[in-house]
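[1] compute the structure for the input listed below.
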Amino acid sequence: MEYQPYLIFSLGNLRYGIAATAVQELFFVPQIAPIVEAPAQVLGVIDLRGELLPVIDLQRSLGCQPTPIRVTDSVIVLKAPGGDLGLLVNQIHDVEFISPEQVTARTNPQPQTAQALSHLSCGLARLEEQVITLLDPEPLMQLRQGHPIPGDTAGASRTDLFVHFSEAEQQSLRERADNLRQSLDTQDNEEMLPLAVVGIGDEYLGISLETVAEFIDVQRVTPIPCCPSHIVGNMNLRGEIITLVDITRCLSLLRTKTELARQAIVVRLGQLVAGITVDEILDVVYVHPSAITATPVALRSGEADYLQGVAAYGSKLMSVINLPKILTADTLVVNQEV
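    Okay, the predicted model is just below:
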């Protein structure tokens, strides 16, 4: 039985998969430049290291009602000899290995999505309790040439993609676009450190992507009796129980929001698996080690052991934290038996 890797992602409440071998790279959505009189499914283009990358509204391409772009949306770049193509998706999860025996033909799609799905889908796969719609990269790549989608006759103006964003969010999109536009030589690129940028309260934190398994929305948290205050509770993540951890006290941070954090970063360190709750998941950036400077003494004194330094993020400073050290510290027990 030969298993094939599929990148799993979400659009709304539905999950999709696409062959991981067709994927070139992933990044959070940047500012997208609209194209005049483009087909309805084309959102616009991104300057990706000197090459123009068309970005497709995958929801519209699948016959679904498009939803407003969110700052946490991502772009999946598909590679092809005729040119790469970007797919806008809501959330990227992980890579799953699926055998042909797990794939079945799609049956009885909704009328409004039937034509588009029959054109773009190559079957369904069940992973635990989730049903995944598998997409065929080849017909998706035809959208790069503006080939019409069966059943899609609606046009759309793409000049108002980001009007619902705050000025801070629009600035973040512009900075992402600037970072993607820059072309790095091979040596510098190999030295760059990939960091997930998250917000807790008024602070920006940088977390090494080497420790990050995925980004998730926090849902249906089960409190754990008799646990320390930094243990938020447990959450069922596709059949796996994840302990949610609040690191604000460890870093002497103040949350400006009183409600439970709605997002988390899933971290895997050997046998340790935990979800770090955050207020916002902002970006993924690449930072050269020379751009990370020592933490100013006045910034934080008691938490210096957990900080690797600070780096610029737009017009603000972000603290680059040593998450493995935080999670294994005696003051922050995660795998505690009760």
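[2] so for stretch 18-30, mean pLDDT?
    The average pLDDT for stretch 18-30 rounds to 88.
[3] what comes into contact with it?
    The contact list for stretch 18-30 (Cβ atoms under 8 Å, 6 or more residues apart in numbering) reads 4-7, 9, 46, 69-80, 84, 87-88, 92, 95, 134-135, 137, 140, 173-174, 176-177, 179-180, 282-284. (C-beta placed from N, C-alpha, C; glycine too.)
[4] okay, buried residues for it please.
    By neighbour count on 16 or more other Cβ atoms under 10 Å, the buried set for stretch 18-30 is 18-19, 22-23, 27-30.
[5] now the end-to-end length of stretch 82-96.
    With Cα to Cα, to the nearest Å applied, stretch 82-96 spans 27 Å between its terminal residues.
[6] count the neighbours of Gly12 for me.
    When neighbours are counted by other Cβ atoms under 10 Å, Gly12 registers 11.
[7] quick check: it touching Val89?
    No. Checked against Cβ atoms under 8 Å, the pair Gly12 and Val89 is beyond contact range at 10.1 Å.
[8] what segments of the protein are helices?
    For the chain, the helices defined by DSSP state H occupy 58-61, 111-120, 137-142, 167-181, 186-191, 323-327.
[9] separation between Ala38 and Asn322?
    The gap separating Ala38 from Asn322 is 45 Å, by Cβ to Cβ, to the nearest Å.
[10] do the same with Thr67
    Thr67 is 37 Å from Asn322, by Cβ to Cβ.
[11] who's in contact with the residue nearest to Gln91 when sequence neighbours are not counted?
    The shortest distance from Gln91 to any non-neighbouring residue, by Cβ to Cβ, 6 or more residues apart in numbering, is to Ser10 (4.4 Å). Contacts here follow Cβ under 8 Å, 6+ apart; on that basis Ser10 touches 16, 89-91, 93.
[12] which one of the residues you listed sits closest to Leu253?
    Leu253 has its nearest neighbour among these in Gln91, at 25.0 Å by Cβ to Cβ.
[13] quick check: that closest one touching Phe215?
    Yes. Counting by Cβ under 8 Å, Phe215 is a contact partner of Gln91 at 6.8 Å.
[14] ok, Thr67 and Asn322, which is more surrounded?
    Neighbour totals were compared for Thr67 and Asn322, and Asn322 leads with 17 against 12 (other Cβ under 10 Å).
[15] I'd assumed Leu307 was in contact with the more buried one.
    Yes. Using Cβ under 8 Å, Asn322 is in contact with Leu307, at 7.0 Å.
[16] residue ranges with poor pLDDT in the stretch 101-250 of the chain?
    106-118, 144-159, 183-190 (pLDDT under 70).
[17] before we move on, the earlier item: could you identify the most distant pair in the buried residues of stretch 18-30?
    Ala19 and Pro30 (24.6 Å).
[18] the residue lying closest to Lys325 once chain neighbours are set aside: what's it in contact with?
    In space, Lys325 comes closest to Tyr306 once its chain neighbours are excluded; the distance is 5.8 Å by Cβ to Cβ, 6+ apart. Listed by Cβ under 8 Å, 6+ apart, the contact set of Tyr306 reads 250-251, 321-322, 325-326, 329.
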